[in-house]
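> Here is my input; please provide its structure:
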Amino acid sequence: QVWMAIIASLLAMGPTLWFLNILMLSYRDEPELHTPITVYIFNLYRCIVLQENFISPQLWVHRFVFFFWYAFCLYVYVVWSGMLITMYAIPSIEKPVESLYELEEAVKVNGKTFGTLASSSIEYIFKYADSGLYKKVYG
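I've put the predicted structure just below:
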């Protein structure tokens, strides 16, 4: 759907820019400066894939349309990149353990392990607990 919308906007903007060019050139009595429609479509496509544009905007209509087309392409590029990064990052993030009860369940049910700094007070609490939750977690 996204690519179809991008292609549709590209195919709509090329003829629009070409028509505005014809209109402005006929208004200025300069029909010899006519540019083919394929040149506009190709250069608008180059903007979508973030390459430079070969059309030098001679008319204010070109500048106006190209400004908004560049803004549209930049917006699509940034949003698309952000969505791809988000979609690939979400599955790799697991919910962290937030309490000792969850840690006990993670150790017993899921077979996960936990670590502490060697010779630290946390290790001492888990290792030498006589009863209670610390003893259950440490095993």
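> Buried residues in the helix or strand of the chain with the lowest mean pLDDT, which are they?
The helix or strand of the chain with the lowest confidence, counting by mean pLDDT, DSSP states H and E, is helix 37-48 at a mean of 74. Using 16 or more other Cβ atoms under 10 Å as the test for burial, helix 37-48 gives 40-41, 43-45, 47-48. C-beta: built from backbone N, CA, C; applies to glycine.
> Same question for stretch 24-40.
By neighbour count, with 16+ other Cβ under 10 Å as the criterion, the buried positions of stretch 24-40 are 24-25, 35, 40.
> Can you give the domain ranges for the chain?
Here the domain assignment for the chain is 2-91, 100-138, based on automatic domain parsing.
> Least confident of the ones you listed, on average?
Mean pLDDT per stretch puts domain 2-91 lowest among these, at a mean of 75.
> Now do it: distance to the chain's middle.
20 Å (Cα atoms, centre = their mean, to the nearest Å).
> Distance of residue 123 relative to residue 129?
11 Å (Cβ to Cβ, to the nearest Å).
> and what of residue 7?
65 Å.
> ok, now residue 28?
Taking Cβ to Cβ, one finds residue 28 at 89 Å from residue 129.
> again with residue 87
Distance from residue 87 to residue 129, by Cβ to Cβ: 43 Å.
> Helix 37-48 and the longest helix seen in the chain, what's the angle between them?
When the chain is parsed with DSSP state H, its longest helix is helix 60-89. Using axes from the mean of the first three to the mean of the last three Cα atoms, to 10 degrees, one finds that helix 60-89 and helix 37-48 are set 40 degrees apart in direction.
> I'd like the next helix or strand past helix 60-89.
helix 100-108 (DSSP states H and E).
> so the spatially closest residue to residue 72 that is not a sequence neighbour is in which element?
In space, and not counting its chain neighbours, residue 72 is closest to residue 9: 7.4 Å by Cβ to Cβ, 6 or more residues apart in numbering. Assigned by DSSP H and E, residue 9 belongs to helix 2-27.
> what packs against that helix?
helix 37-48, helix 60-89 (3 or more Cβ pairs under 8 Å, 6 or more residues apart in numbering; DSSP states H and E).
> Adding distance to residue 115, write these out as JSON lines.
Below are the helices and strands packed on helix 2-27 laid out as JSON lines (distance: least, Cβ to Cβ, whole Å):
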{"stretch": "helix 37-48", "distance to residue 115": "49"}
{"stretch": "helix 60-89", "distance to residue 115": "25"}
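> All set, thanks.
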